[in-house]
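> need the 3D shape of this:
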Amino acid sequence: MPFALPPQGLRFLHFPYLLTLQLKRFDFDYTTMHRIKLNDRMSFPEELDMGPFIDVEDEKSPQTESCTDSGAENEGSCHSDQMSNDFSADDGVDEGICLDSASSTERVLKPKSSLTFELFSVMVHSGSAAGGHYYACIKSFSDGQWYSFNDQHVSKVISLKITYMFFCSNSSTNAYMLIYRLKDPSRNAKYLDCDDFPEHIKHLAQREKESEEQEKRQREIERNTCKIKLFCMHPVKMMAMMENKLEVHKDKTLREATEMAYKLMELDGVVPLDCCRLVKYDEFHEYLERSYEGEEDTPMGLLLGGVKSSYMFDLLLETRRPEQVFQPYKPGEVMVKVHVVDLKTDTVAPPVSIRAYLNQSITEFKQLIAQATELSAETMRVVLERCYNDLRLLYVPNKTLKAEGFFRSNKVFVESSESPDHQVTFTDSLLWKLLDRHGNTIRLFVSLPVQSPGTNRTICQKVGGDPEECSEGSKGNRNSVETILEESTEKLKNLSLQQQQGSSTSDSQKSSDTSDFEHIESPSPSQEPDSSSSVSAVVAVDNRELENRIRAASGGSGGGAYSDPETQFLGEERSDSEVNNDRSTSSVDSDILSSSHSSDTLCNADSGPIQLTNGLDSHSITSSRRSKANEGKKETWDTAEEDSGTDSEYDENGKSKAESYYLYFRAEPYAQEDGSGEGGQKCVLVHVDKRITLSAFKQNLEPFVGVTSTQFKVFRVYANNQEFESVRLNETLSSFSDDNKITIRFGRALKKGEYRVKVYQLLVNDAEPCKFLIDTVFAKGMTVKQSKEELMPQLKDQCKLDLNIDKFRLRKKTWKNPGTVFLDYHVYEEDINISSNWEVFLEVLDGPEKMKSMSQLAVLTRRWTPAQMKLEPFQEVVLESSSVEELKEKLSEISGVPLENLEFAKGRGTFPCDISVLEIHQDLDWNPKVSTLNVWPLYICDDGAVVFYRDSTEEPMEQSEDERNELMKRESSRLLKTGHRVSYSPRKEKALKIYLDGGPVKDPGQD
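This next block holds a predicted model:
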């Protein structure tokens, strides 16, 4: 009997009311290994008869679902069965929304009828497999008209175009999905006319229509609105340039726009409206381009050149006093800010703005300045600042401004007097030195620490003195400190004059009235050694004398607190190196945000003679710091000769290789406007040359802080109120700018070779394995055992941890991962690399230290028990080699699992390498076929690696569905707390079904 093959193929039991057919337009080309789109011709009828595809022998199944245009009871038997199977484990509640109260039992299935479907929607894809755009064409059932729904655009489409677009194969725009509807007059619903809408729907449609019209009008206004930056120098608020955005309709006149800007800048009641005007302004160059005289009624769209997304210029709301007259600004003019310099008072006046032309000569320009400043043009010296600190004296009368390098916006300094300084070379003149100081001086707000241990009063009480007497004595000491500083200032001035007179043998006409801020030149080889060495010796002796007198005055009769090397500040012990070198100027790289400015250090000893016209960073100088210092404000000078920071800056005799020069420093009390300085907090406003080093800056602050520079720390405050400690003592303040804030805190400052270290406790079996303990200091050359000895009293005082030195270890910390174990005999910088803001783990041991050599390997192991569905606590295993066999022997020894049944896998991710107990049995790479640990896929080369192990004969625990769901919830909660990514979802995604003609029968037992 011949063998007959059974019938093969796809059998349809029934069809849905809405039939969706997807055309497989996308495929993968294994030749090119790229995704491709198939643009082949695909014809499809507007009416589709599915009768030949139904199984007529199956009389039990309905041909189509019981549904209409208004909703569907089921999604098809196959789909419904699958849904019921997929979600039987959830809650069994149907999430459909029934909008009809009719019982489902009233709806009966239709008998067999025609299975003709009509096309009413085509989804279109335009583009390639790499990307494209989707839109739809939908047919109206009322009139048979096709419409294209392309994003927010809806348009009519003729049927012929539908056929052409989606039947052809010469275009990348073609049909992607077809949607048919069963033709059944009894079930096909008619569209609802607007007049048949319920009243609340009519109101809603009316509100939507009004909202759309309002949005349309608003968009029209937006398209005709000019948006431009507006600036104003407010005469009351902060006296600073204020910025805002002016939004004005293009048809508004200049007069109306000025009124809008007047209100926007809140000038009402401050300046009359007729004392304000809008001018064209370039904020980047601070240049007034032109004014608009006689154009008050001109539309803004015409003045601004139309409505644009952005403009190449801005607007400035200029103000004047009632008795003043606005100056006209014409196109083609250049603006010049003129600062008047007074050599007698060493001051630079705020700028006066004048307008000039590039073809004017220097003589004509001087006449223009003389008219604006009432200075004499015959004795006038004009200095142009072309860029930051690049000063040029304009001395050629017939040269034009353009030839001298004038641009759209310029800054000049003028001085007019009968001073002999006119006869001196410009770079050696008092004018140049004053302008150099002016250009490099910055203003800093320094917050001082409150009175605390380390002040004179506390020290006096410590040695048994009367508190009231000590308090009074501290005031006298403060006065004596200021007296000492004033005397030292005068002495430094005299030394400056003596050395300058001794070195200037060729210039007999040099004025003896030299500036207080001029440089003290280092002795040249041509000078006599006796005089140069004597002056240098006097300077050095005076510096040491000044320091000793300050300490003696500050210490007073309270036992010489500052000279006592055992005196403690803020509970910090002073090391031997600190006692021997209180003035250490070494540092480490921990000033995170200013480290990149080390190349701008002007006090660098290796830089040789300092060129002050080398064009440093651009730096805006505000006029607020140019004012004359008030009487009683103390001015001191400091030398960069002491601020070395590195041994390479000294020669074999210990002398500085750099030329010494004195830098400007002036401090005065400052009351904060926001009141944040109350409660004992004091502030100092410091004007300082930014070429001063941090070491010299700290030494200048000593009288205000009350302790030596080694006993307080400097923190730079940034815009977001974050603070970072500045510790590079040999670097200058070149990275600082005007109005930067500095906070001073008590505490031992870092010295050369010291590093600030954050210590965290490693708790391998806790939910939070990383716990911060303390900040401490490690030094280069210190052994690990010495650092542990330093840590023990700090841990006891601050963390209440009383540890034995043999019962804890230090180890490397890389983010959250524990690393190399540090042995007691290891030396920092020799055996262990250490850096600024370093972090280490402290791990408390249960027993004696097992790690004795660097050749050993410490591995953290954790047993996985499938029969109990749990992970055991971590246990550390110390290996003598990188052998896999040794690891397995150690694991077998601590667990009792036979060696032949033991399997292991390396943990993934960061410590503690958390993984769900539902995934660990399958997801990890168990029992890799390697013989050593330091090869792929393990790569275990350092301490701290996590290894999971299990018994291969142990099967996972059998669980019911409820138990598994409960375990899923527990694991999800646990892993989310530890930040572990959950790769499974305990609940699957469901579609929301909305029933308009009655929902399915609901089992009362589900409630």
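
> what are the ranges of the strands in the stretch 51-200 of the chain?
Per DSSP state E, counting those that start in this stretch, the stretch 51-200 of the chain carries strands over the ranges 67-68, 71-72, 97-98, 116-128, 131-139, 146-150, 153-157, 173-182.

> mean pLDDT lowest for which of these?
For these, mean pLDDT drops lowest on strand 97-98, to a mean of 46.

> and the strands of the stretch 51-200 of the chain: which comes nearest Glu215?
Distances from Glu215 to each of the strands of the stretch 51-200 of the chain were compared using C-beta to C-beta; the minimum, 16.2 Å, belongs to strand 153-157. Glycine gets a C-beta too; all of them are placed from N, C-alpha and C.

> direction included, what does that closest one pair up with?
strand 146-150 (antiparallel) (DSSP bridges).

> list the buried ones in the strand it pairs with?
146, 148 (16 or more other C-beta atoms under 10 Å).

> JSON lines please, covering the strands of the stretch 51-200 of the chain and showing distance to Ala205.
Shown next, in JSON lines, are the strands of the stretch 51-200 of the chain (distance: least, C-beta to C-beta, whole Å):
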{"stretch": "strand 67-68", "distance to Ala205": "24"}
{"stretch": "strand 71-72", "distance to Ala205": "22"}
{"stretch": "strand 97-98", "distance to Ala205": "22"}
{"stretch": "strand 116-128", "distance to Ala205": "24"}
{"stretch": "strand 131-139", "distance to Ala205": "20"}
{"stretch": "strand 146-150", "distance to Ala205": "19"}
{"stretch": "strand 153-157", "distance to Ala205": "16"}
{"stretch": "strand 173-182", "distance to Ala205": "26"}
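
> and of those strands, who's closest to Lys771?
Once the strands of the stretch 51-200 of the chain are compared by C-beta to C-beta, strand 131-139 is nearest, at 49.1 Å.

> can you pull the buried residues of the closest one?
Buried residues in strand 131-139 (16+ other C-beta under 10 Å): 137-139.

> and for it, what's in contact with it?
Contact with strand 131-139 is made by 119-127, 145-151, 157, 162, 172, 176, as judged by C-beta atoms under 8 Å, 6 or more residues apart in numbering.

> and the buried ones among the residues you listed, selectable in ChimeraX?
Entered in ChimeraX, the line below selects the buried ones among the contacts of strand 131-139, by 16+ other C-beta under 10 Å:
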select :119,120,121,122,123,124,125,146,148,157,162,176
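
> before we move on, the earlier item: of the strands of the stretch 51-200 of the chain, which is nearest Tyr30?
strand 116-128 (18.0 Å).

> from Ser376, how far off is Val412?
Separation of Val412 from Ser376 (C-beta to C-beta, to the nearest Å) stands at 16 Å.

> what does Tyr147 give?
In terms of C-beta to C-beta, Tyr147 sits 85 Å off from Ser376.

> grab the nearest non-local neighbour of Leu879.
Nearest residue to Leu879 in three dimensions, chain neighbours excluded: Leu857, at 4.4 Å (C-beta to C-beta, 6 or more residues apart in numbering).

> right, I mislabeled it, should have said Leu317
Closest to Leu317 by C-beta to C-beta, 6+ apart is Cys232, at 4.1 Å.

> count of neighbours near the one you found?
Cys232 has 24 neighbours, counted by other C-beta atoms under 10 Å.

> bridging residues for it?
Here Cys232, judged by DSSP bridges, has bridge partners Met242.

> so what's it scoring on pLDDT?
At Cys232, pLDDT is 93.

> what of Thr298?
94.

> I figured it hits Leu278, correct?
No: Thr298 is beyond contact range of Leu278, at 11.4 Å (criterion: C-beta atoms under 8 Å).

> so those two - more neighbours on which side?
Leu278 (24 against 13).

> quick one, what contacts that one?
254, 257-258, 261, 292, 315-318 are the contacts of Leu278 under C-beta under 8 Å, 6+ apart.

> put together CSV for these, with pLDDT, secondary structure and neighbour count on each row.
Converted to CSV, the contacts of Leu278 look like this (pLDDT from 0 to 100; DSSP: H, G, I helix; E, B strand; the rest coil; neighbours: other C-beta atoms under 10 Å):
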residue, pLDDT, secondary structure, neighbour count
Leu254, 95, helix, 19
Ala257, 95, helix, 24
Thr258, 95, helix, 21
Ala261, 95, helix, 22
Tyr292, 93, coil, 16
Leu315, 95, strand, 25
Leu316, 94, strand, 24
Leu317, 94, strand, 25
Glu318, 92, strand, 19
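
> ok, so of those, who is nearest Lys190?
Distances from Lys190 to the contacts of Leu278, taken by C-beta to C-beta, are shortest for Ala257, at 57.0 Å.

> what's around the closest residue to that closest one other than its chain neighbours, how many residues?
With C-beta to C-beta, 6+ apart as the criterion, Ala257 has its nearest non-adjacent residue at 4.7 Å, and that residue is Val248. Number of residues near Val248 (other C-beta under 10 Å) recorded here: 23.

> what's the neighbour count on Met33?
Neighbours of Met33 (other C-beta under 10 Å): 7.

> next one: Asp775
By other C-beta under 10 Å, neighbour count at Asp775 equals 13.

> quick one on the thing from earlier: ok, Val412 and Ser376, which is more surrounded?
Val412 (21 against 12).
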